[in-house]
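curious how this folds, go ahead:
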Amino acid sequence: MIDSKVTFVTESIGEAIIEAASKASWQVAIVSPFITKVALDKLLAPIDPSVRISIVTRWRVRDVAAGISQPSILDSLVPFTDSRVVLQQDLHSKLYAIDDEIAYVGSANVTEAGLGFASAPNLETEIAVSPIPTSILTYVRGLETSGVPGTPELRSEVEKAANCIEIQDDQSMEEVVPSKPPISNGFDLATFPSMRHPEELYERYRAIQSCSSNDEREAVLNDLICVDLPYGLSNEEFMTIISKKLLDDEILMDFDEYLAEPRRFGEMTQWLKNQCPHIADDHSFVQRRLQTILRWLQYFIPERYKLDQPNYSEVFYRVD
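Residues are numbered from 1 along each chain as shown. From the prediction side, this is the model:
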């Protein structure tokens with residue numbers, strides 16, 4: 001694992017985050033249950049529009065009515081070519097991650113008082129961690145992928161509901177944003193696994209900074225979210241847990257049964273198209289997905305699968 005420098009920050013928290021964000025080259029991730037537009041605008045002001053902005057927050061109707069959570073933050077993201085808001089209605093975490101260089105983890109929400117911009121600021125604390133451990137970025141990615149998209153349509157519904165209530169009314173109300181999105185069963189083979197070189201995954205798990213590109217970083221984080229690994233595993237533990245998760249997956253075990261007989265690449269490609277009809281029209285993409293799946297099975301469960309190439313044609317099968 002990487003050795004990160006840890007710094008305790010209690011003063012000028014907003015200014016510290018702004019300075020770090022001004023140096024972002026590919027991503028700024030913000031996790032905060034309360035976000036006001038004026039405070040967010042100050043954080044985003046020095047960031048290049050090409051940098052991806054990812055925000056995880058919550059839009060509870062009462063919070064929106066009180067003005068401490070503002071769906072109008074969607075307007076702040078218009079200048080950025082790649083941005084998204086994801087809603088987690090039970091969110092309490094506060095976290096700011098700039099690229100994979102530095103993260104601030106602590107108590108400060110994205111409000112004038114929370115970040116120290118107000119004349120009477122809150123007393124807040126943040127821990128600055130640099131470089132960012134993979135576990136922090138994996139946590140953020142998990143929030144992003146499991147939340148509800150904060151769309152303009154949902155914004156309108158939440159704001160309409162907030163305008164119809166009295167702040168002092170303690171009676172329960174129906175929330176507009178669902179607390180939990182639908183839970184999928186099993187891996188989605190259209191997106192998992194993503195990393196085409198599974199033999200390098202453990203090194204990336206230990207230090208995300210070892211990724212050679214942003215695309216590789218995205219693939220690693222997506223895969224780590226899917227397999228849901230604890231932090232600090234040895235290589236042997238890492239291999240054991242992933243192999244077990246692959247063998248426990250219902251869809252992959254259907255594929256395992258299919259591989260009871262030797263299958264040529266074309267046959268397996270058609271099997272994957274049948275499993276993932278929404279990508280079936282992109283033949284070359286399906287082939288790349290299949291290649292990645294086969295690499296993972298061979299690498300993490302080498303005793304179970306075998307690849308032969310008779311007459312220059314790949315044949316893959318399960319070893320019983």
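
does Asp41 really touch Val78, like I thought?
No. Proximity of Asp41 to Val78 does not meet the contact threshold set by C-beta atoms under 8 Å, at 11.4 Å. In short, each C-beta sits where N, CA and C put it, glycine included.

ok, those two, which is more surrounded?
Set side by side, Asp41 and Val78 show more neighbours around Asp41, with 12 against 8, by other C-beta atoms under 10 Å.

list the residues that contact the spatially closest residue to that one that is not a sequence neighbour.
Excluding its sequence neighbours, the residue lying closest to Asp41 (C-beta to C-beta, 6 or more residues apart in numbering) is Ser76, at 5.4 Å. Counting by C-beta atoms under 8 Å, 6 or more residues apart in numbering, Ser76 touches Lys37, Leu40, Asp41, Leu44.

is it true that the last one touches Val51?
No. Leu44 sits out of contact with Val51 when judged by C-beta under 8 Å, with a separation of 9.3 Å.

overlap of the contact sets of the two?
When C-beta under 8 Å, 6+ apart defines a contact, the residues bordering Leu44 and Val51 alike are Val28, Phe80.

with just CA atoms, put stretch 111-118 into PDB.
What follows is the C-alpha trace of stretch 111-118 in PDB, where atoms were taken according to Å, rounded to 0.1, in the frame of the first residue of the first chain:
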ATOM      1  CA  THR A 111     -22.200  25.600   2.600                       C
ATOM      2  CA  GLU A 112     -20.900  29.100   3.400                       C
ATOM      3  CA  ALA A 113     -20.700  28.300   7.100                       C
ATOM      4  CA  GLY A 114     -19.300  24.800   6.600                       C
ATOM      5  CA  LEU A 115     -16.400  25.900   4.300                       C
ATOM      6  CA  GLY A 116     -15.600  29.000   6.400                       C
ATOM      7  CA  PHE A 117     -16.800  31.500   3.900                       C
ATOM      8  CA  ALA A 118     -19.500  33.000   6.200                       C
END
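
any stretches of the protein with poor pLDDT?
When residues are selected by pLDDT under 70, those of the chain lie in 1-2, 166-174, 180-185.

ok, back up a step: which one's more surrounded, Leu44 and Val51?
Using other C-beta under 10 Å, the more surrounded residue of Leu44 and Val51 is Leu44, with 22 against 19.
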